[in-house]
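Peer 1: okay, sequence plus prediction incoming.
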Amino acid sequence: MSLAFTVPPSPSGAAFVLPTGFAGRARRPMALACLAVLAACAPVPPLPAGAPEPSVQGLTPALAVESPPVATACPPGIAALADCRAGQDSAGAYYLIALPRQWNGHLVLHAHGGPALGAPRPERAMEDLERWSIMVRAGYAWAGSTFRQGGVEVRAAAQDTERLRQIFATQVASPRRTFLHGQSWGASVAARAAEMFPLTPDGRRPYDAVLLTSGVLAGGSRSYDFRTDVRVVYQALCHNHPRPTEPAYPLNIGLPREATLTSADLQARVNECLALHRPAAERTPAQQRKLKTLTDVIRIPASSLQGHLNWATFHFRDVVQYRTGGRSPFGNIGVVYRGSPDDVALNAAVLRYRADPEAVARFAQDTDPTGQIPVPVLTVKGVDDATAFVELDTVFQATMEGAGTGHRLVQTFTRHAGHSYLSDPTYPTLMAALLRWVEEGDAARPTPASIAAQCPAQEAVFGAGCAFLPDYRPAALHTRVPDRERP
């Protein structure tokens, strides 16, 4: 078995364009388990922070040979409906493809959320397909990449997504329409991919439209401000991350590179201070006061606190140590915290950090959408999403409008409180509206009201779950997350 597909990309980013002539290559049998072994033996280094952004038009022929995907078992929920294939691409990302036996001819190219930290796992793609099996059940082919690396690297993930599109088109089938679907953090990946890859070398659109669900869409320079706030307010109240007996460090770096704290360790410290693992009636008065202060000031439910604190610890370290040259793009200078029993005392106790200008610029270059998306974009978000606040969508709208592409954006909102998945009929409704827009042009541009009206027909096929709010408009982000000084 050749290990050619573990060759990392060249500094130019040219390695991921596939050579022609793969469509007729015979499929070779290979077990998915072998892919996991190869991952352990041939880890792929991350793309350097600040690497130049590639342009499809300027790419040279491929330097690496892509092995064809091989047959594998589909998740049980779609095993009777589709055939699945798996593989590992030339940069080290695992991927999974599902092709319905009653295929409508269209491809949904999925960019997953998270992101996870650590080496990619082939199981991740299977988990994503299980969650998003609704696309296959609605007749769409589905393809998802684990991405070549863990961590907060948006453009590298966008490259991996585009590489998978080419693998599908050259080695599986030629889709009539290709839709980019980004979920959560993956919404920023999909948005950046649509910006980075507007044309194929022969002048065609690689993507016909973009669907962004529960998206983190204000870019890295704005989306994580509230997690900085979680970290500093938690420390002002709990004093155990770090403890007074441990070496101090700036909280806006997440953790020092050499720190050995684990997520289980952090959970134990949070429970020590806030008793999140106990019912409210079993918390001490002090724990109840601290928890109420945190949730009131940051405006998040208690159930989401641990996840946000994890992100502000381990993902912040990933960003600072591996993406921005040891400098932090996160800061809280100028923030006035409100909602506690004594705001004056709280603001005096909270530690303050200034975001490094160079780090902000490098992080924004990688993560911030520009709005220069040349195809229709449809978004959806639950108004009570406690992970990606609904107010983030106002920043994305302003970005698109500032780029002169606001007419290509339609935003929808639902009554759902969930983040990772809203409901079965929601997504086929959105896909049908997006397909109609692509096929018929701007005359068929949907509205929130038309989408809401079309959803009940999907309930007849996929069950209850329509909850569109056609008249909802989110407030500006600064009404939810305090403004702060920026470089």
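Peer 2: Right, received. Where do you want to start?
Peer 1: any idea how many residues pack against residue 75?
Peer 2: Using other Cβ atoms under 10 Å, residue 75 has 18 neighbouring residues. Yep, even glycine has a C-beta here, placed from its N, CA and C like the rest.
Peer 1: what do you get for residue 274?
Peer 2: 25.
Peer 1: skipping its backbone neighbours, what lies nearest it in space?
Peer 2: Nearest residue to residue 274, sequence neighbours excluded (Cβ to Cβ, 6 or more residues apart in numbering): residue 291, at 4.7 Å.
Peer 1: how close does the one you found get to residue 438?
Peer 2: 47 Å (Cβ to Cβ, to the nearest Å).
Peer 1: neighbour count: these two, which is higher?
Peer 2: residue 291 (21 against 17).
Peer 1: just to revisit the earlier point, could you say which helix or strand holds the residue nearest to residue 274?
Peer 2: Per DSSP states H and E, residue 291 falls inside helix 285-298.
Peer 1: in terms of secondary structure, what does that helix contact?
Peer 2: Counting contacts by 3 or more Cβ pairs under 8 Å, 6 or more residues apart in numbering; DSSP states H and E, helix 285-298 packs against helix 225-238, helix 263-274, helix 305-310.
Peer 1: show me what the last one packs onto, helices and strands only.
Peer 2: It refers to helix 305-310. Using 3+ Cβ pairs under 8 Å, 6+ apart, helix 305-310 sits against helix 225-238, helix 263-274, helix 285-298.
Peer 1: quick one: closest of these to residue 468.
Peer 2: Across the helices and strands packed on helix 305-310, residue 468 has its closest neighbour in helix 225-238 (26.2 Å, Cβ to Cβ).
Peer 1: what sits against the residue nearest to residue 274?
Peer 2: By Cβ atoms under 8 Å, 6 or more residues apart in numbering, the residues touching residue 291 are 274-276, 283, 302, 305.
Peer 1: just residue 294 next, same as before
Peer 2: Going by Cβ under 8 Å, 6+ apart, residue 294 touches 230, 233-234, 237, 274, 305.
Peer 1: just the buried ones from those?
Peer 2: In the contacts of residue 294, burial by neighbour count holds for 230, 233-234, 237, 274, 305, counting by 16 or more other Cβ atoms under 10 Å.
Peer 1: want to throw the helices and strands packed on helix 305-310 into TSV with mean pLDDT?
Peer 2: Shown next, in TSV, are the helices and strands packed on helix 305-310 (pLDDT from 0 to 100):
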stretch	mean pLDDT
helix 225-238	98
helix 263-274	98
helix 285-298	98
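Peer 1: for the ones you listed, which one sits closest to residue 92?
Peer 2: Of all the helices and strands packed on helix 305-310, helix 263-274 comes closest under Cβ to Cβ, at 24.3 Å.
Peer 1: only alpha carbons, please: show the closest one as PDB.
Peer 2: In PDB, the C-alpha atoms belonging to helix 263-274 read as follows (Å, rounded to 0.1, in the frame of the first residue of the first chain):
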ATOM      1  CA  SER A 263     -10.300  18.600  30.900                       C
ATOM      2  CA  ALA A 264     -11.100  16.300  33.800                       C
ATOM      3  CA  ASP A 265      -8.900  18.400  36.100                       C
ATOM      4  CA  LEU A 266     -10.700  21.500  35.000                       C
ATOM      5  CA  GLN A 267     -14.100  20.000  35.500                       C
ATOM      6  CA  ALA A 268     -13.200  19.000  39.100                       C
ATOM      7  CA  ARG A 269     -12.100  22.600  39.800                       C
ATOM      8  CA  VAL A 270     -15.300  24.000  38.400                       C
ATOM      9  CA  ASN A 271     -17.400  21.600  40.500                       C
ATOM     10  CA  GLU A 272     -15.300  22.500  43.500                       C
ATOM     11  CA  CYS A 273     -16.300  26.100  43.100                       C
ATOM     12  CA  LEU A 274     -19.800  25.900  41.500                       C
END
